[in-house]
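# Turn this into a model:
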Amino acid sequence: MSAKPNTNRVAFAYVGDTFTWTFPNGRAVRFDPARCNEEIAARATLNGYKQKIADAMAMERNKITGASASADDKASAMEEVISRLYAGNWRVESGERESTGGLLAAALVIVTKKPLVDVVAKLKTLDKTQKAALTAQPKIAAAIAKLRAEKVKASGMDIDALLEDF
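Okay, here's the model as predicted:
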C-alpha cells in the first residue's frame, strides 16, 4: 500500500520583508509587516516573544516513564529561552540541543526530586565512571529497575512468555 501525497501542505517563505504562504493549488497569500502601523507592529512583536517563549513548554514525554514534563522542567526551559534572547540568540545552535539524560537522569529525578534540567546539567559534569557508580547506588538502582519495569508494562509485552522461549 503506497502512501498518499500530502495535498494539504502549504509552503512558506520569508523573502526580504515579506511572508508568503503558497498553497498546493498555486494560490499565494503574502504579508508585508512594513505596511502595519507602529501599534500593530509592537503588538506583533510582543505576541512573537510570547509565542517563542511559550513554545519551550512543548516538551516530549519522558521516553522512559511516559510521564509529561514537570512544571519545573517547563519553567526551566522557558527561562533558558529568555536567557538566550537576552544574549542575542534567537535559536539554539544545532550542537547545543539538550539531552533528556536517559535512564540515569530519570532515576535521579525520582530519587532527588529535582527538575530534569538540573539533573541533566549536573550529569554533564560527571565522567563515565562517576555515572556508572551512581547507577550502582541502591536507591538509584531501584528507581532504574522500577522505570524499566514500567516501560515494559506500558509496552504490553508478555515478559513471562518471552522468558519461556529460552
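# Might one say that residue 119 is in contact with residue 105?
Yes - with contact defined as C-beta atoms under 8 Å, residue 119 and residue 105 form a contacting pair (5.0 Å). Heads up, the C-betas are built off the backbone N, CA and C, glycines and all.
# I'd like to know how far residue 132 sits from residue 126.
To residue 126, residue 132 is 10 Å away according to C-beta to C-beta, to the nearest Å.
# Give me the residue at the spatial middle of the protein.
The residue lying closest to the centre of the chain (C-alpha atoms, centre = their mean) is residue 59, at 3.7 Å.
# where does that residue fall, helix, sheet strand or coil?
coil (DSSP: H, G, I helix; E, B strand; the rest coil).
# and it, backbone torsions?
The phi and psi values for residue 59, taken as degrees, to the nearest 10, are phi -110, psi 150.
# likewise residue 12?
When read as degrees, to the nearest 10, the backbone of residue 12 gives phi -130, psi 140.
# try residue 13
Dihedral angles of residue 13 (phi, psi; degrees, to the nearest 10) stand at phi -140, psi 140.
# related to what we said a few turns ago, I'd assumed residue 74 was in contact with the residue nearest to the centre of the chain.
Yes - using C-beta under 8 Å, residue 59 is in contact with residue 74, at 6.4 Å.
# Now residue 72. Nearest residue, chain neighbours left out?
Using C-beta to C-beta, 6 or more residues apart in numbering and skipping residues adjacent in sequence, the residue nearest residue 72 is residue 115, 3.7 Å away.
# what about the one you found, neighbour count?
When counting by other C-beta atoms under 10 Å, one arrives at 19 neighbours for residue 115.
# Could I get the pLDDT score of it?
Looking at residue 115, its pLDDT is 85.
# That one: what's it in contact with?
Neighbour list for residue 115: 70, 72-73, 76, 109 [criterion: C-beta atoms under 8 Å, 6 or more residues apart in numbering].
# Tell me which two in these are the farthest apart.
Within those, two members stand farthest from each other by C-beta to C-beta: 76 and 109, at 12.3 Å.
# out of the two, which sits in the busier spot?
Between residue 76 and residue 109, counted using other C-beta under 10 Å, the more crowded position is residue 109 (25 against 18).
# For that one, give me the pLDDT.
What the model reports for residue 109 is a pLDDT of 89.
# Right, I'll leave it there.
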